[in-house]
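>>> Provided below are the primary sequence and the corresponding predicted coordinates.
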Amino acid sequence: MNKLVMAVAAAGIGFNSVHSAPLPEATAHDVGVSQQRLAKLDEFFAREIASKRVPGAVVAIARDGKLIHYKAYGQLDPAKGKSMRLDAMFALASMTKPMVAVAGLILMEQGRLPLRARLADYYPEFANMKVGVPQHDGSLEFQTQSSPIYIHDLYRHTSGLTYGVPPDSSDQVARLYPDFAAPPLRGDKQAFIEAITKLPLAHQPGTEFEYGFSTDVLGAVVEQVSEQRLGDYLARNLWTPIEMQDATFHLSESQRERLAHPFPADPLTGKPQDIELLESSTKFDCGGACAFATVGDYVRFGQMLLNGGELDGQRILGPKTVRHMISDHLGAEIKNKVANVEAHRAGFGFGLGVAVRINEGLSAVPGNPGEFTWTGAYGTQFFCDPKERLVVVVGTAAPGEIRKYYREQVQYIVYAAIIR
């Protein structure tokens, strides 16, 4: 790989002087992007960092398989005054999910994990879960499953599993569930399975998109089928083949030195905030929220998918499998609540581990039908647009609601810079 020489472009922006580029490089102009317009990203992050709304960020943009923007902004750790670096490690949170989906699809291609396999064939406890139906008096009525949970339901979040919400929430079922990152910090995989199968499902399986622990369970199934720990399976079958050099569930000491940290207080509310996974080790490789990687790692992952499952001569999935992955799997029969996760996702359905844009318009951000994307609760974002041959990855340590603002602004600026 070539060396990417970074230059300071605006006040408040820090760059590594030299760093290995994760993809071949080109100028923005060479691939139909206005460098002048793309420079608005530098101005945007300079303003936000100067206003102390975000500590820092790393942004990678590739078009036609060529890296045209790869910059580090602001601070890696505001408490220690450390500058952001291109090889910063980010807690990916839910951007773990698309990688785990790929792990499952590798097994599917081998005839070892069909989409229509029943989850109870791998973990029988799930067959006995009841559906919690809220009643007017505040109680729950428990119903048996009208259809079993299939592996397909885990990919597209139609299993009925959900995430926990605050005690004052009106969602009676979700109040019973733990926070998305809590299970791997509290106990091992078996403890997670035993605890979650004692809870009610939020909906009948296969009827509604309900964002929750489905991918954590898919990761557990991958372990069961492969007879490997999830991180080991991903390292062997995805991370190492396409040179995602820092992707991991368990940080080394040198990687910890590169961890991106948030402000100690939420810049919008002033309330204390943290990312607990930065300080505490997980007890199992949770497929829904627990991986770490650099932005450079993840732009290679996105480019592999955009290429139809191959990167630098290493094929991870067949192109038809990737096409199936990035197609909408909700359709007309399943209630689509993808926009409930983030409001700008109106017009999106959901595929196998990724949100998929299915309509022109509707969304608060520009793009094309066929775009696929997902984000992480700690401030990470990626989107790929096959029509524009575009991959964008953003890493920040911004766990509050402000992270959604950055996702929208980056997408506005990037699409505004595409001129042919």
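Thanks, I have it. Residues are numbered from 1 along each chain as shown.
>>> Only C-alpha atoms from now on, for both contacts and neighbour counts.
Will do.
>>> isn't residue 274 right up against residue 260?
No. Counting by CA atoms under 8 Å, residue 274 does not reach residue 260; the two are 11.3 Å apart.
>>> Of those two, give the one with the bigger neighbour count.
residue 260 (30 against 18; other CA atoms under 10 Å).
>>> That one and residue 87 touch, don't they?
No. Between residue 260 and residue 87 there is no contact under CA under 8 Å: 10.0 Å.
>>> What is the longest strand along the chain packed up against?
Counting by DSSP state E, the longest strand found in the chain is strand 66-77. For strand 66-77, the elements it packs on are helix 40-50, strand 56-63, strand 82-83, judged by 3 or more CA pairs under 8 Å, 6 or more residues apart in numbering; DSSP states H and E.
>>> what angle do it and strand 56-63 make?
170 degrees (axes from the mean of the first three to the mean of the last three CA atoms, to 10 degrees).
>>> any idea of the mean pLDDT in strand 66-77?
Summarised as a single mean, pLDDT over strand 66-77 is 98.
>>> How far off centre is that strand?
19 Å (CA atoms, centre = their mean, to the nearest Å).
>>> One more: stretch 249-258?
20 Å.
>>> Outline the domain layout of the protein.
Using the TED database, the domain parsing of the chain gives 28-93+246-417, 104-226.
>>> mind listing what's buried in stretch 79-95?
83-95 (16 or more other CA atoms under 10 Å).
>>> Test for you: state the pLDDT assigned to the residue nearest the centre of the chain.
By CA atoms, centre = their mean, the chain has its centre lying nearest to residue 95, at 1.6 Å. Model confidence at residue 95, given as pLDDT, is 98.
>>> which secondary element of the protein has the worst mean pLDDT?
Lowest on mean pLDDT, DSSP states H and E among the helices and strands of the chain sits strand 3-5, with a mean of 34.
>>> The longest helix along the chain packs against which elements?
Longest helix in the chain, counting residues (DSSP state H): helix 402-417. The elements that helix 402-417 packs onto, with contact taken as 3+ CA pairs under 8 Å, 6+ apart, are helix 35-38, helix 40-50.
>>> what ranges do the helices span in the stretch 101-250 of the chain?
Assigned by DSSP state H, counting those that start in this stretch, the helices in the stretch 101-250 of the chain fall at 151-156, 183-186, 189-196, 214-226, 230-234.
>>> er, the stretch 251-400 of the chain actually
Counting by DSSP H, counting those that start in this stretch, the helices of the stretch 251-400 of the chain are 253-256, 295-306, 319-325, 338-341.
>>> Compare these and give me the one nearest residue 124.
Shortest distance between residue 124 and these, using CA to CA, is found for helix 319-325: 26.5 Å.
>>> Counting neighbours, show which residues of that closest one come out buried.
Here helix 319-325 shows 319, 321-322, 325 as buried, counting by 16+ other CA under 10 Å.
>>> Could you take those and lay them out as CSV, with extra columns for pLDDT?
Shown next, in CSV, are these (pLDDT from 0 to 100):
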residue, pLDDT
319, 98
321, 98
322, 98
325, 98
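>>> from these, which is closest to residue 217?
residue 325 (18.1 Å).
>>> ok, now which ones touch that closest one?
By CA atoms under 8 Å, 6 or more residues apart in numbering, residue 325 lies in contact with 351-354.
>>> swap the cut-off to 6 Å and go again
Residues near residue 325 by CA atoms under 6 Å, 6 or more residues apart in numbering: 351-352.
>>> measure it to residue 212 for me?
Counting by CA to CA, to the nearest Å, the gap between residue 325 and residue 212 amounts to 19 Å.
>>> rewinding a little: any chance you could list what contacts the longest helix of the chain?
Counting by CA under 6 Å, 6+ apart, 33-34, 37-38, 379 sit against helix 402-417.
>>> who wins for neighbours among those residues?
Of the contacts of helix 402-417, with other CA under 10 Å as the count, residue 379 tops at 29 neighbours.
>>> And the residue of the chain positioned farthest from its centre, what's its pLDDT?
Farthest-out residue of the chain from its mean C-alpha position, per CA atoms, centre = their mean: residue 137, at 37.5 Å. On the pLDDT scale, residue 137 is placed at 90.
>>> low-scoring stretches of the stretch 51-200 of the chain, by residue?
Along the stretch 51-200 of the chain, the model assigns pLDDT under 70 to no residue.
>>> coming back round to it: what's next to the longest strand of the chain, contact-wise?
Identification of contacts with strand 66-77 by CA under 6 Å, 6+ apart yields 13-15, 23-28, 55-62, 82-86, 260-261.
>>> what about the residue nearest to residue 147 when sequence neighbours are not counted, distance to residue 161?
Leaving aside its chain neighbours, residue 147 sits nearest to residue 205 (6.2 Å; criterion: CA to CA, 6 or more residues apart in numbering). Computed as CA to CA, the residue 205 to residue 161 distance reads 9 Å.
>>> Between these two, which has more neighbouring residues?
Taking neighbours as other CA under 10 Å, residue 205 and residue 161 compare with residue 161 leading, 30 against 23.
>>> give me every residue that touches residue 369.
357-359.
>>> what mean pLDDT does stretch 397-412 have?
On average, stretch 397-412 scores 94.
>>> So for it, what gets flagged as buried?
Residues 397-400, 402-404, 406-407, 410-412 are the ones in stretch 397-412 that count as buried (16+ other CA under 10 Å).
>>> Just give me how far that stretch sits from the chain centre.
So, by CA atoms, centre = their mean, the centroid of stretch 397-412 is 14 Å from its chain's centroid.
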